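Visitor: predicted model and sequence below, questions to follow.
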Amino acid sequence: MRILFIALSSLAVLTACATAPEPKAEIKAEAPKQVAQCYSSDAGKFFKVGEKTTISGVEVSCVATSDGKNGQWMGAKHGK
């Protein structure tokens, strides 16, 4: 009788474990897309690619680097 009770108890535990809901997978938040910017300490802020400003008296525009991940200041070309 004890063996039957142990067998039925084991079967009940195994059945309960087999039907338990699976834990939900964590939802990964997507990292915000990095936008290329240039920083101006004269203005104390970041500028988006394509924006123009004057830094130390020189007119410059923010241009994306070749990889597109960052920005760099480029001065106006002479003669144009």
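Guide: Structure's in. What do you need?
Visitor: for Val63, pull up the helix or strand it's in.
Guide: strand 58-64 (DSSP states H and E).
Visitor: need the residues that contact that strand.
Guide: 36-38, 47-54, 70-76 (C-beta atoms under 8 Å, 6 or more residues apart in numbering). C-beta: built from backbone N, CA, C; applies to glycine.
Visitor: after it comes which helix or strand?
Guide: With elements assigned by DSSP H and E, the helix or strand that comes after strand 58-64 is strand 71-75.
Visitor: strand partners (parallel or antiparallel) of that next one?
Guide: Counting by DSSP bridges, the strands paired with strand 71-75 are strand 58-64 (antiparallel).
Visitor: so for the partner strand, mean pLDDT?
Guide: For strand 58-64, mean pLDDT rounds to 93.
Visitor: list the contacts of stretch 43-57.
Guide: Contact with stretch 43-57 is made by 35-40, 42, 59-64, 71, 73, as judged by C-beta under 8 Å, 6+ apart.
Visitor: can we see that at 6 Å?
Guide: For stretch 43-57, contacts defined as C-beta atoms under 6 Å, 6 or more residues apart in numbering pick out 36-40, 42, 61-62, 64, 71.
Visitor: list only those of those flagged as buried.
Guide: Buried members of the contacts of stretch 43-57, scored by 16 or more other C-beta atoms under 10 Å, are 36, 38, 40, 61-62, 64, 71.
Visitor: quick one: low-confidence parts of the chain?
Guide: Scanning the chain for pLDDT under 70 picks out 1-2, 4-5, 7-8, 10-23, 25, 31-32, 77-80.
Visitor: now do the helices in it.
Guide: In the chain, the helices defined using DSSP state H lie at 2-18.
Visitor: on that earlier part again, now tabulate the buried ones among the contacts of stretch 43-57 in JSON lines and tack on distance to Ser9.
Guide: As requested, the buried ones among the contacts of stretch 43-57 are exported to JSON lines (distance: C-beta to C-beta, whole Å):
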{"residue": "Ala36", "distance to Ser9": "65"}
{"residue": "Cys38", "distance to Ser9": "70"}
{"residue": "Ser40", "distance to Ser9": "73"}
{"residue": "Ser61", "distance to Ser9": "77"}
{"residue": "Cys62", "distance to Ser9": "72"}
{"residue": "Ala64", "distance to Ser9": "68"}
{"residue": "Gly71", "distance to Ser9": "68"}
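Visitor: alright, calling it a day.
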